[in-house]
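**Student:** this is the structure alone, sequence omitted:
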Ligand SMILES: O=c1[nH]c(=O)c2[nH]c(=O)[nH]c2[nH]1
C-alpha cells in the first residue's frame, strides 16, 4: 500500500508592496517582496480521502499575507517571515509547521540634483535579498538569509596555478586573470525561541555586513582560486555576526577567454597584452562551500 510520506502546500508568488509615509518629512520608504507560504501538519486526509476540512485554503494564506503586512512590519523580511509563520502555527491547531520564503526586490532611492528624492526609486540591478524560514510548533524558528544574483567582476587580482595536472589537463596556469561571478551567499541563524526573540535581531545590519564583506574580500583578496576567496568571506561573516551559525556560498566561475588576434597583422592580444576578451555564457565552473562554527561530523 502506498502511503503519503510527506506533504505541504500553500501560495507562491504573492507579490507585495508596502509604503511607509512619514507625514512630517514627506519621505516615503517602499518595500517590494514576493512571498511564499507552505503549511505542514495533520493534512493527510486532504490528500488520501478528498477531505477539505483541514485545508486552510491557499487563498486564505494569501489574504493572511496582506493582512499581516498591513498590521506588522515587513522589514526586515526575516521578522515578517517569523510573524507569518507564528500566525499560522498559533492560529490553526492542526498546522504544525509553516515554511515562509520572502524575496525582497531592490528599490533604491533616486538622487536628484545631488539630493535624495523623497518618493522616487529605481531598480539598481537584479540582485535580491532572500529569506527562508521554518516555524515549528513549540520548536522555535529557523531562519536562513541570502543574497542572490549579485553580479561582480574584477579585471585583475586573480590567479589560478598549481592545480592538479594529468593527461586530461589542458588549462594553462595563470597568474593574472579576470574573475567574475554571480554571488549566492547564505547565512543560517541559530534557532530562535519565538518571534519576540527574532524581533531583537539586527537582520538588516547583518545583511549589510555580509554584503560588504563579500564585496570587500572579492575586491581586495589576491585570489588564489574561487575556493580560497569564498572561504575567507565565510570566515569573516562568522567572525562579525555572532548569531550566525553557518555561511554558505555558491559561486559560478564566469569565464572570460583570451582571443588570439595574431592572425591579423601579428596583433598582440594574449598574456599581458590581452585587453579584448570573449565572455563565455557556458559552460561555467560552479563552486560551493559551507563554513560552519562547529564542524559537522562527516559520518
Ligand atoms: O578558481 C578556480 N577554481 C577551480 O576549481 C577552477 N577550475 C578551473 O578550470 N578554473 C578554476 N578556477
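**Tutor:** Nice, thanks for sending it over. As the structure is a computational prediction, the values presented were derived from the model and not from experiment.

**Student:** now what about stretch 231-238, what contacts it?
**Tutor:** 185, 187, 209-210, 213-214, 217-218, 221, 244, 247-249, 289-291, 293 (Cβ atoms under 8 Å, 6 or more residues apart in numbering). In this view, the C-beta of every residue, glycine as well, is placed from N, C-alpha and C.

**Student:** swap in stretch 120-136?
**Tutor:** 30, 77-78, 81-82, 85-86, 88-89, 96-110, 112, 141-151, 207.

**Student:** next one: the spatially closest residue to residue 33 that is not a sequence neighbour from residue 262, what distance?
**Tutor:** Of all residues beyond its chain neighbours, the one nearest residue 33 is residue 16 (4.7 Å), with distances taken as Cβ to Cβ, 6 or more residues apart in numbering. According to Cβ to Cβ, to the nearest Å, residue 16 and residue 262 sit 56 Å apart.

**Student:** which part of the stretch 1-150 of the chain gets nearest to the ligand, residue-wise?
**Tutor:** residue 150 (17.9 Å; Cβ to the nearest ligand atom).

**Student:** what about the helices in this protein?
**Tutor:** 44-48, 58-71, 77-91, 195-199, 203-220, 226-240 (DSSP state H).

**Student:** adding distance to residue 128, mean pLDDT and mean neighbour count, write those helices out as JSON lines.
**Tutor:** JSON lines is the format used below for the helices of the chain (distance: least, Cβ to Cβ, whole Å; pLDDT from 0 to 100; neighbours: other Cβ atoms under 10 Å):
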{"stretch": "helix 44-48", "distance to residue 128": "32", "mean pLDDT": "98", "mean neighbour count": "13"}
{"stretch": "helix 58-71", "distance to residue 128": "18", "mean pLDDT": "98", "mean neighbour count": "15"}
{"stretch": "helix 77-91", "distance to residue 128": "10", "mean pLDDT": "98", "mean neighbour count": "23"}
{"stretch": "helix 195-199", "distance to residue 128": "21", "mean pLDDT": "97", "mean neighbour count": "17"}
{"stretch": "helix 203-220", "distance to residue 128": "11", "mean pLDDT": "98", "mean neighbour count": "17"}
{"stretch": "helix 226-240", "distance to residue 128": "18", "mean pLDDT": "98", "mean neighbour count": "18"}
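
**Student:** would you list these in JSON lines and tack on distance to the ligand?
**Tutor:** Shown next, in JSON lines, are the helices of the chain (distance: least, Cβ to the nearest ligand atom, whole Å):
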{"stretch": "helix 44-48", "distance to the ligand": "44"}
{"stretch": "helix 58-71", "distance to the ligand": "41"}
{"stretch": "helix 77-91", "distance to the ligand": "32"}
{"stretch": "helix 195-199", "distance to the ligand": "37"}
{"stretch": "helix 203-220", "distance to the ligand": "13"}
{"stretch": "helix 226-240", "distance to the ligand": "4"}
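
**Student:** how about those, which one is nearest residue 255?
**Tutor:** Among the helices of the chain, the nearest to residue 255 by Cβ to Cβ is helix 226-240 (11.2 Å).

**Student:** ok, residue 81 to residue 131 distance?
**Tutor:** In terms of Cβ to Cβ, residue 81 sits 5 Å off from residue 131.

**Student:** again with residue 240
**Tutor:** 19 Å.

**Student:** equivalent analysis for residue 235, please.
**Tutor:** With Cβ to Cβ as the criterion, residue 235 and residue 131 are 23 Å apart.

**Student:** relative to the ligand, how far out is the residue nearest to residue 269 when sequence neighbours are not counted?
**Tutor:** Sequence neighbours aside, residue 261 is the residue nearest to residue 269 in space, at 4.2 Å (criterion: Cβ to Cβ, 6+ apart). Going from residue 261 to the ligand by Cβ to the nearest ligand atom, to the nearest Å gives 23 Å.

**Student:** you'd agree residue 261 is up against residue 267?
**Tutor:** Yes. Taking Cβ atoms under 8 Å as the definition, residue 261 is a contact partner of residue 267 at 4.2 Å.
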